[in-house]
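Chemist: Provided below are the primary sequence and the corresponding predicted coordinates.
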Amino acid sequence: MARKVFVEVIAKFDTEGKITPLSLFWEDGTRYEIDRVLDMRRAASLKAGGMGIRYTIRIGGRDSYLFFEQPRWFVEAKK
């Protein structure tokens, strides 16, 4: 089972209310630029638990999930 790691996210909010994450800050303060948002849908985190908007993102050529579980953002991390 993975754990939830709550992260700080810089995001763009457009006039239609769409949220696009641009970068995130890991637990140690490292900033990661999101190269691309590949998908966005309402989904559950099957590894760490929780429900929200799941963004499939690409950072440095690797795909990952970023969840927006109002009012916080989290990623799934190994224990």
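Modeler: Cool, got the structure.
Chemist: contacts, neighbours, all on C-alpha from now
Modeler: OK.
Chemist: Which pLDDT does the model give R54?
Modeler: R54 carries a pLDDT value of 97.
Chemist: Help me confirm that L38 comes into contact with R54.
Modeler: No. Using C-alpha atoms under 8 Å, L38 makes no contact with R54, being 10.6 Å away.
Chemist: who's more crowded, the two?
Modeler: Between L38 and R54, counted using other C-alpha atoms under 10 Å, the more crowded position is R54 (22 against 12).
Chemist: What residues does the closest residue to E69 other than its chain neighbours make contact with?
Modeler: Among residues not flanking E69 along the chain, G52 sits closest, at 4.6 Å (C-alpha to C-alpha, 6 or more residues apart in numbering). Neighbouring residues of G52 by C-alpha atoms under 8 Å, 6 or more residues apart in numbering: 42-44, 67-70.
Chemist: And those, which is closest to Y32?
Modeler: Of all these, Y32 sits closest to F67, with 15.4 Å by C-alpha to C-alpha.
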